[in-house]
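Peer 1: Return atomic coordinates for the entry below.
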Amino acid sequence: MYTDPLADYLTRIRNANSAGHRVVSIPASNVKKEITKILFDQGFILSYKFEETDNKQGSIKIALKYDAATKAPVINKIQRISTPGLRKYAGSTELPRILNGLGVSIVSTSKGVMTGKQAKKENVGGELLCYVY
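Peer 2: The predicted structure is shown next:
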């Protein structure tokens, strides 16, 4: 059993990307569903599907996206920032820009999970979950 489900989620995506898999299946949770929607909206993944399983937890099937010409994965790096042992928080004015705006920071706020750009716009801070670029 793993103790950090979000780190497991990010690691499964990272490993599937480096192995060249087209689809990865991950156990579902509400936060993982929100992060998956953000990754899809930002263009980092091709598609996703939420499926019910026998244990009522469900699973997320994610179709990973690769560059057509070079076959390189679109997600170059996906990095966990706040860990269970060391939480990282940032106010709305302190939210970082990732790769000068080319990457995305994902933040858990009081208004839900959103990108750092959306959090700045709505003037809310929160826990920095991960960076994707």
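Peer 1: Tally up the residues packed near the residue lying closest to Ser108 once chain neighbours are set aside, please.
Peer 2: Distances taken as C-beta to C-beta, 6 or more residues apart in numbering put Glu127 closest to Ser108, at 4.6 Å, once the chain neighbours are dropped. C-beta: built from backbone N, CA, C; applies to glycine. By the criterion of other C-beta atoms under 10 Å, Glu127 has 15 neighbours.
Peer 1: and Glu127, that one's in a strand?
Peer 2: Yes. Counting by DSSP: H, G, I helix; E, B strand; the rest coil, Glu127 falls inside a strand.
Peer 1: Now do the same contact list for it.
Peer 2: By C-beta atoms under 8 Å, 6 or more residues apart in numbering, the contact set of Glu127 is 82, 87-89, 107-108.
Peer 1: what's the answer for Phe40, then?
Peer 2: Taking C-beta under 8 Å, 6+ apart, we find Phe40 in contact with 47-48.
Peer 1: next one: the one 5 residues further on
Peer 2: Listed by C-beta under 8 Å, 6+ apart, the contact set of Ile45 reads 36, 39, 62-65, 74-75.
Peer 1: what comes into contact with the longest helix along the chain?
Peer 2: When the chain is parsed with DSSP state H, its longest helix is helix 5-19. If you take C-beta under 8 Å, 6+ apart as the criterion, helix 5-19 is touched by 2, 23-24, 26-27, 29, 31-32, 35, 62, 64, 73, 75, 78-80, 83, 129-130.
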